[in-house]
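Participant: I need the structure of the sequence given here:
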Amino acid sequence: MNGLDKGLILIFVLSVMISLISLFRGILVGSQAQVEYLEAGENGSNESNAGSNKIVVDIEGAVVLPGVYTLPSNARIKDLLVMAGGFSERADRIFCEKNLNLAQLLKDGQKIYIPEITDTPTTPGYGEAKTSPKMVNVNTATMVELDTLWGVGPARAETIVKNRPYGSLEELVSKGGMTKQIFEKNIDMIGLF
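Facilitator: Presented below is the predicted three-dimensional model:
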């Protein structure tokens with residue numbers, strides 16, 4: 001064997017070892033979390049947590065051990081993820097990095113959903129924090145409000161403001177404030193009122 005073959009074999013062996021260590025670490029952490037969860041259940045965690053220093057939180061989706069967990073009242077999302085064995089291989093890690101605050105304090109009765117790569121929501125934020133979409137009046141909106149629209153950044157928002165007033169929504173396209181594609185994506189979010 002030449003040096004290149006030995007190097008490739010060494011890399012392969014190291015990658016297999018790292019994979020196995022990661023797998024067993026996830027299993028061990030998950031097993032420990034299940035034991036803690038079961039012990040908490042035996043100690044009456046099914047009773048009301050009012051007045052106690054424990055909270056009960058549900059985590060579902062792309063985690064190793066989804067379920068309901070009892071944690072200290074000052075627990076954070078990071079602590080819940082550790083108890084649930086961490087992200088599974090199907091988790092959309094990029095979405096979670098952008099939208100999941102691991103330092104957020106948990107609330108009793110809260111549900112956390114970790115999306116899989118195939119079911120990632122197209123809009124950022126937590127489901128419980130979302131409200132009905134706010135209509136943006138293109139004739140009076142601030143640059144910041146215009147910047148919340150899909151495909152509209154600071155430069156496009158400035159163009160929209162410069163071309164005011166608009167007599168109809170279609171003038172956004174004809175006056176060069178939006179492309180037809182951006183206009184179609186935002187049609188339910190914009191208005192003249």
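Participant: what segments of the chain are strands?
Facilitator: Remark: strands assigned in the chain by DSSP state E are 54-61, 67-72, 111-114, 136-137, 190-191.
Participant: any idea of the mean pLDDT for the longest one?
Facilitator: Computed over strand 54-61, the mean pLDDT rounds to 93.
Participant: and the pLDDT for the closest residue to G85 other than its chain neighbours?
Facilitator: Distances taken as CB to CB, 6 or more residues apart in numbering place V64 nearest to G85, at 2.9 Å, with adjacent residues excluded. C-beta here means a position set from N, CA and C on the backbone, and glycine is covered the same way. Looking at V64, its pLDDT reads 92.
Participant: all helices for this structure, in order.
Facilitator: Secondary structure of the chain (DSSP state H): helices located at 3-42, 77-83, 93-99, 143-147, 154-162, 171-174, 180-186.
Participant: can I get the ones you listed in CSV including distance to I55?
Facilitator: Formatted as CSV, the helices of the chain follow (distance: least, CB to CB, whole Å):
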stretch, distance to I55
helix 3-42, 11
helix 77-83, 10
helix 93-99, 21
helix 143-147, 36
helix 154-162, 41
helix 171-174, 47
helix 180-186, 39
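Participant: single out the most deeply packed of the ones you listed.
Facilitator: Stretch with highest mean neighbour count among the helices of the chain: helix 77-83 (a mean of 19; mean count of other CB atoms under 10 Å).
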